[in-house]
Every structure is written in structure tokens, then in C-alpha cells.
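Visitor: What follows is a predicted protein model with its sequence.
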Amino acid sequence: MKISAHLQNTHNHHHITLTTNDTTHTIEIPPKSTGYGSSANGGELLFLALATCYCNDIYREADRRGIAVTAVEVTVDGDFGAPSEPAYNITYRAKVTGRAGAAELEALARHTDTVAEIQNTLRGGTPVTMGEIEVESNG
């Protein structure tokens with residue numbers, strides 16, 4: 001699966017395009033009140049990625065086990081220190097509702113934690129590298 005996120009930002013314009021394989025869609029996040037940048041910060045979006053991954057994976061893993069999950073709630077909390085410092089104390093909690101016994105739903109929830117790709121990416125310390133930089137002077 002090939003995933004790409006593209007962001008374009010100019011004064012009062014913040015456009016996001018997400019692509020997985022050949023499927024592209026957009027999400028709306030308004031610019032900051034100053035008109036430049038995103039009103040959502042990277043930490044919030046990182047935590048949203050963790051919550052979204054776990055939510056989607058619960059449904060995927062439930063389907064594999066033949067469990068009908070009817071609702072998922074995920075809350076991710078953590079801390080950031082000074083600028084340039086990585087996050088710490090990242091924890092998440094989930095509520096999974098479905099048509100199965102409590103022990104079966106708990107086993108599903110615990111198993112999903114072990115296969116959630118975003119969680120495993122962070123836990124594994126995957127390197128992030130910067131590629132080509134293009135600059136354009138207009139002044």
C-alpha cells in the first residue's frame with residue numbers, strides 16, 4: 001500500500017490531499033487565525049493518526065474473527081516539551097462495543113494493539129528522512 005499526504009498553504013488557504021494507492025480524497029482543516037499554517041498542530045494530527053489507525057484496525061481484526069463491532073471510541077493523550085523535542089508519555093485508551101462477550105472483545109482490543117501499524121511504526125522508531133528541497137524566492 002502506497003500512501004501520500006500533500007499539503008499546500010498560502011494566506012487563508014490550507015488544502016490537504018491524501019492518497020492511498022490510486023484513491024485520493026481531501027480533508028478540511030482551516031488555516032490558523034493568522035491566515036498562515038494549519039489550525040491543527042502536528043502533535044494533534046499524530047495523535048489522531050494513532051486513534052484512527054486503532055479504530056480502523058479494530059473493525060478489520062473484528063471482521064477477521066467474525067465479531068460484529070458496533071462502536072469504537074479512542075482517546076490518545078501525551079506530552080510535548082520544548083520545540084524540537086519528541087513527544088513522551090503517549091498513551092491511549094479505547095472503548096469497543098460489539099456483539100460478543102466481554103472477554104472476546106477485550107482479547108480483540110488487546111490483539112489490535114499489537115498489529116496497529118501506526119502504533120508499531122512509532123514503537124519501532126522508523127527513520128524519517130527529508131528528500132528534495134525546492135525553494136522559490138519572490139522577494
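Guide: Cool, the structure landed.
Visitor: Quick check: mean pLDDT of the longest helix along the chain?
Guide: Longest helix in the chain by number of residues (criterion: DSSP state H): helix 42-65. The predicted model gives helix 42-65 an average pLDDT of 98.
Visitor: Touching it from outside, list them.
Guide: Outside helix 42-65, the residues that touch it by Cβ atoms under 8 Å, 6 or more residues apart in numbering are 40, 68-69, 72, 74-78, 80, 87, 90, 92, 94, 96, 98, 104, 108-109, 111-113, 115-119, 122. Where C-beta positions appear, they are placed from N, C-alpha and C, glycine not excepted.
Visitor: Please point out which parts of it sit buried.
Guide: Neighbour counts over helix 42-65 (16 or more other Cβ atoms under 10 Å) mark 45-47, 49-51, 53-55, 57-59, 61-62 as buried.
Visitor: will you turn the residues you listed into CSV that also has distance to residue 133?
Guide: Formatted as CSV, these follow (distance: Cβ to Cβ, whole Å):
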residue, distance to residue 133
45, 22
46, 22
47, 27
49, 24
50, 28
51, 31
53, 29
54, 33
55, 35
57, 34
58, 39
59, 39
61, 40
62, 43
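Visitor: ok, of those residues, which one's closest to residue 138?
Guide: residue 45 (28.1 Å; Cβ to Cβ).
Visitor: can you list the domains in the chain?
Guide: Listed by automatic domain parsing, the domain ranges of the chain are 1-40, 41-125.
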